[in-house]
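> based on what follows, work out the 3D shape:
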Amino acid sequence: MRIRSLNIGLPRQIPFQGRSVKTSIFKSPVEGRRRVSRLNIEGDEQSDLTVHGGVDKAVYCYASEHYDFWRRELPGVPLPWGAFGENLTTDGLLEGAAFVGDRLRAGSAEFVVTQPRLPCYKLGVRFGRPDILKTFLESRRIGFYLSVAVEGEVGAGDEIALVSSDDERLGVMDVLELYLARKPDRELLRRAIEHPSLPESWRDHFRSELEGMGDDEGRAAG
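Predicted structure coming up:
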């Protein structure tokens with residue numbers, strides 16, 4: 001596993017559907033090494049902290065292996081590394097092998113896997129195609145977020161090493177499938193709710209899901 005490309009971007013105003021939208025989804029590859037702090041990478045900045053950024057979404061990873069799929073889906077559209085807003089374009093680090101709470105080292109920094117990415121409308125802004133959100137989710141090529149456990153420096157070409165694997169084995173894809181399921185698995189909901197490395201916003205959502213299922217059962221029994 002390694003970092004194929006390190007990508008950063010600052011907020012910019014983009015015209016979209018008759019209005020101006022502030023977004024940082026436009027990332028560009030950079031050479032050399034950059035400092036990774038608790039909240040972001042040097043030279044990078046999130047636009048809307050209500051849905052992006054913060055300690056649980058400090059760094060966004062996306063697999064280079066997904067780009068071939070998108071080149072077929074988006075023929076003729078330029079797709080440089082960082083095209084999906086990722087900070088780290090990675091080789092050999094796919095969602096299916098990433099577990100919430102896993103600790104990773106790259107360069108002199110260490111990270112913790114926290115959650116899958118749920119795309120917002122700004123992905124549609126990036127490509128001028130609102131319909132891409134549906135394709136993005138359906139493809140399950142969503143990438144995932146990292147928190148920063150140890151600040152340090154990273155650069156393209158750095159190896160990514162698994163420092164420790166979370167014992168609970170709650171996969172990034174488990175979280176996504178729970179979120180998308182019409183009838184979520186109860187036991188998996190409980191595991192997600194109890195997982196200390198899953199951000200509280202996700203756990204609150206799954207608590208509501210589980211409580212709603214209990215109410216349904218009660219009405220059915222009555």
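
> the closest residue to residue 31 other than its chain neighbours - how many residues pack around it?
Spatial nearest neighbour of residue 31, chain neighbours left out: residue 156 (7.2 Å); criterion: Cβ to Cβ, 6 or more residues apart in numbering. In short, each C-beta sits where N, CA and C put it, glycine included. Residue 156 has 19 neighbouring residues, counting by other Cβ atoms under 10 Å.

> any stretches of the protein with poor pLDDT?
47-53, 215-222 (pLDDT under 70).

> what segments of it are strands?
2-8, 12-16, 19-23, 28-29, 33-36, 59-63, 88-91, 103-106, 109-116, 144-150, 152-155, 160-164 (DSSP state E).

> of all those, which lies closest to residue 196?
strand 109-116 (10.8 Å; Cβ to Cβ).

> may I have the strands that pair with that closest one, each with its orientation?
strand 103-106 (antiparallel), strand 144-150 (antiparallel) (DSSP bridges).

> the residue positioned nearest the centre of the chain bridge partners, please.
What sits nearest the mean C-alpha location of the chain, by Cα atoms, centre = their mean, is residue 144, with 2.7 Å. Here residue 144 sits in beta bridges with residue 61, residue 116, going by DSSP bridges.

> check the one 10 residues further on too.
Judged by DSSP bridges, the bridge partners of residue 154 are residue 34.

> in contact with it, which residues?
By Cβ atoms under 8 Å, 6 or more residues apart in numbering, the contact set of residue 154 is 3, 6, 33-34, 36, 41, 88, 106-109.

> again, only this time at 10 Å
With contact set as Cβ atoms under 10 Å, 6 or more residues apart in numbering, residue 154 has these partners: 3, 6, 33-36, 41-42, 59, 87-88, 105-109, 111, 160.

> list only buried entries from the residues you listed.
Listed as buried from those are 3, 6, 33-34, 36, 41, 59, 87-88, 105-107, 109, 111, 160; burial here means 16 or more other Cβ atoms under 10 Å.

> so which of the strands of the chain gets nearest residue 183?
strand 109-116 (19.4 Å).

> and the angle from that closest one to strand 160-164?
Comparing the axes of strand 109-116 and strand 160-164 via axes from the mean of the first three to the mean of the last three Cα atoms, to 10 degrees yields an angle of 80 degrees.

> got the angle between strand 109-116 and strand 59-63?
Going by the same axes, to 10 degrees, strand 109-116 makes 80 degrees with strand 59-63.

> distance-wise, check residue 55 relative to residue 197.
Going from residue 55 to residue 197 by Cβ to Cβ, to the nearest Å gives 12 Å.

> next one: residue 177
18 Å.

> ok, the two, which is more surrounded?
More crowded of residue 177 and residue 197, by other Cβ under 10 Å: residue 197, with 18 against 15.

> with adjacent residues omitted, what lies nearest to the more buried one?
residue 101 (3.6 Å).

> tell me how many other residues crowd that neighbour.
Count around residue 101 with other Cβ under 10 Å applied: 18.

> in this structure, what residue spans correspond to helices?
67-73, 121-127, 132-139, 172-180, 186-194, 200-221 (DSSP state H).

> got TSV for those, with distance to residue 22 too?
TSV is the format used below for these (distance: least, Cβ to Cβ, whole Å):
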stretch	distance to residue 22
helix 67-73	25
helix 121-127	9
helix 132-139	18
helix 172-180	26
helix 186-194	32
helix 200-221	22
